[in-house]
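> Got a sequence here, can you build the structure:
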Amino acid sequence: MGKTFRSTLVGCAAIASLMLTGCAGSSNASAPVDGTVPKVATKAPGILNIGVDLTYPPYDMLQDGKPAGFDVEFMNAVANNLGLKASFTDTRFAQIVAGIKSNRYDVIASTLYISAARSKEVDFVPYFQTGNSIISLADGDKYVTAQDLCGKSVGVVTATVIADIMPHAESDKCKENGKGPITVKEFPTDPEATQALLAHQVDAQMTDGAVAKIAVEKSRKRLVLSSQELIYPIAVGIGVSKGNAEMQDAVAGAIETMKADGSYKDLLAKYNLEPVDPEVLKESLNRK
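Below is the predicted model:
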């Protein structure tokens, strides 16, 4: 998926510990953990309730009426390591942070990009990194970089980081280069943004690299991935309620166990994802 960012697990863990760890709908549950004492208190005893937007394949989706995708597999493993049963509450992305602030679930695991603004709303446990790709019409202009979108309209998902970057920081660069600003059109889900592109309602679509790849593969050759490397590489975090250091540390510990037994590496490889690079994490935390 374009330019890669690699780091040692030790380096990533050290940065995450220093910067992000604590100081001291519909739902569907996974199989219970037998004979195990939970390692952390949750809202419902024995259950780790996870807020997720199940409209975001390959990360979060419904298959045969059941939650599936990377985040679901990952959180099933986390819950298992914590001696808990995972339960998933389907929530649209624009409301997902509000949901944890109103105590609807214990954690968020829905490809939630880490940013300075979001770090004021929730505490994070970094678990992988990704970036964005541009989708263009196969029979239209091909946009390779974010600056190629100056003066164009772009479809994105509501409340995402790029929905803020492109009309502001990126458009400021456009103006500095004597170009028009980027017009961002927001949609509740990626499939709706893709349909808008196919209907010529926007000039391009920008979304997560893995999501973009799936959209192009399903388009019957009507769309192409026109960008050549990941744009705005960014760390992704599991969100917990502000100040809930117990949950934050428990989730971080479960991930360290997954790293030690190899399941972390295997799961990221399955979905063509990468561990968090410390420099990308720092940049993400500084990104508005």
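
> is it fair to say Val72 lies in a helix?
Yes: with DSSP: H, G, I helix; E, B strand; the rest coil as the criterion, Val72 is located in a helix.

> That one: neighbour count?
24 (other Cβ atoms under 10 Å). In this view, the C-beta of every residue, glycine as well, is placed from N, C-alpha and C.

> repeat for the one 4 residues further on
Neighbourhood size, Asn76 [other Cβ under 10 Å]: 19.

> That one belongs to a helix?
Yes: per three-state DSSP, Asn76 lies within a helix segment.

> Pretty sure Ala86 is one of the things it touches, is it not?
Yes: under the contact definition of Cβ atoms under 8 Å, Asn76 touches Ala86, with a separation of 5.0 Å.

> Would you state the helices of this protein in chain order?
9-19, 70-81, 96-101, 116-119, 161-165, 171-176, 190-198, 209-217, 245-261, 263-270, 278-286 (DSSP state H).

> so which of those comes closest to Ile134?
helix 209-217 (7.6 Å; Cβ to Cβ).

> could I get the closest one in PDB with only the CA atoms?
Extracted in PDB, the C-alpha atoms of helix 209-217 (Å, rounded to 0.1, in the frame of the first residue of the first chain):
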ATOM      1  CA  GLY A 209      -5.700   2.800   1.600                       C
ATOM      2  CA  ALA A 210      -7.100  -0.600   2.400                       C
ATOM      3  CA  VAL A 211     -10.700   0.600   2.000                       C
ATOM      4  CA  ALA A 212      -9.800   2.300  -1.300                       C
ATOM      5  CA  LYS A 213      -8.300  -0.900  -2.600                       C
ATOM      6  CA  ILE A 214     -11.500  -2.900  -1.900                       C
ATOM      7  CA  ALA A 215     -13.600  -0.200  -3.500                       C
ATOM      8  CA  VAL A 216     -11.600  -0.300  -6.700                       C
ATOM      9  CA  GLU A 217     -11.700  -4.100  -6.800                       C
END
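
> coming back round to it: using JSON lines, lay out the helices of the chain together with mean pLDDT and distance to Ala44.
Shown next, in JSON lines, are the helices of the chain (pLDDT from 0 to 100; distance: least, Cβ to Cβ, whole Å):
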{"stretch": "helix 9-19", "mean pLDDT": "38", "distance to Ala44": "27"}
{"stretch": "helix 70-81", "mean pLDDT": "98", "distance to Ala44": "12"}
{"stretch": "helix 96-101", "mean pLDDT": "97", "distance to Ala44": "15"}
{"stretch": "helix 116-119", "mean pLDDT": "94", "distance to Ala44": "25"}
{"stretch": "helix 161-165", "mean pLDDT": "92", "distance to Ala44": "31"}
{"stretch": "helix 171-176", "mean pLDDT": "98", "distance to Ala44": "45"}
{"stretch": "helix 190-198", "mean pLDDT": "97", "distance to Ala44": "31"}
{"stretch": "helix 209-217", "mean pLDDT": "89", "distance to Ala44": "31"}
{"stretch": "helix 245-261", "mean pLDDT": "98", "distance to Ala44": "14"}
{"stretch": "helix 263-270", "mean pLDDT": "92", "distance to Ala44": "25"}
{"stretch": "helix 278-286", "mean pLDDT": "93", "distance to Ala44": "31"}
